[in-house]
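Peer 1: quick one, fold the following:
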Amino acid sequence: MFGNRTEEYDRGKRKQDQHRRPLERGFVTSVAELASGVEPYVELEPHQSPRTTARVPQPTRGDRRLPAEGDEVYFTRRGDDVAVILGIVATDHDGYARERRIDPRPSDAHITIDADGRTTAVAADGTSITVDGGTLQVNDGATPVVTDIETSTDADGHVTSVTPVTNDSLQL
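Peer 2: I've put the predicted structure just below:
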């Protein structure tokens, strides 16, 4: 009777272990083109297993992001052995630990929010707008925008001086 309990425990333990999937790491080697109605996927080279295709689950609302080629990712496998990306490995050298970057791939456009609240939007052509502490900069400009012109005149009505009025909170 004691032996039967051990066998039951061993069978139950084996069954439980079959449902546990190890967390793995690997590098993204390519990103598939996005298609409507198709779950996004990437080609993945795991550290300790053969190259595979991995699905990238996406939220129904809010930020959506696919890992880029060269990103190191965490993944696991579903019961049918399909790899599923769980997240991107955050490392200091690529900026993830210091800022929030939203980039709708495959475009080069992105929005970056750093730890101090500085927010930069960059268009695909490289045009940028940065908001930082009440200052709006266009293309990293440092020249305040002229918002008005003040003039002085003499008794005959001739202009004697012209003074541009600038707004330091908007810089081009």
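Peer 1: mind checking the pLDDT average for the longest strand seen in the chain?
Peer 2: Using DSSP state E, we find that the single longest strand of the chain is strand 159-171. Over the span of strand 159-171, the pLDDT mean works out to 88.
Peer 1: cool, stretch 132-147 as well?
Peer 2: Computed over stretch 132-147, the mean pLDDT rounds to 86.
Peer 1: for stretch 46-63, list the C-alpha coordinates in CSV.
Peer 2: Extracted C-alpha coordinates of stretch 46-63, given in CSV (Å, rounded to 0.1, in the frame of the first residue of the first chain):
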residue,chain,number,x,y,z
PRO,A,46,17.7,30.6,-28.9
HIS,A,47,20.8,30.3,-26.8
GLN,A,48,20.4,26.6,-26.2
SER,A,49,18.1,25.2,-28.9
PRO,A,50,17.7,25.3,-32.8
ARG,A,51,16.5,28.4,-34.6
THR,A,52,12.7,28.8,-34.5
THR,A,53,9.8,31.1,-35.3
ALA,A,54,8.2,32.8,-32.2
ARG,A,55,4.8,34.4,-31.9
VAL,A,56,4.7,37.9,-30.4
PRO,A,57,1.4,38.4,-28.4
GLN,A,58,0.1,42.0,-28.5
PRO,A,59,-2.3,43.9,-26.3
THR,A,60,-5.6,44.8,-27.7
ARG,A,61,-5.2,48.4,-26.7
GLY,A,62,-2.3,50.7,-25.9
ASP,A,63,1.3,50.4,-26.9
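Peer 1: sorry, back to before: which other helices and strands does the longest strand of the chain contact?
Peer 2: On a contact count with 3 or more Cβ pairs under 8 Å, 6 or more residues apart in numbering; DSSP states H and E, strand 159-171 meets strand 135-138, strand 144-153. Backbone N, C-alpha and C define where each C-beta goes, glycine included.
Peer 1: most tightly surrounded among those strands?
Peer 2: Of the helices and strands packed on strand 159-171, the one with the most neighbours on average (mean count of other Cβ atoms under 10 Å) is strand 135-138, at a mean of 16.
Peer 1: domains in this protein, by residue range?
Peer 2: Per automatic domain parsing, the structural domains of the chain span 22-89, 142-171.
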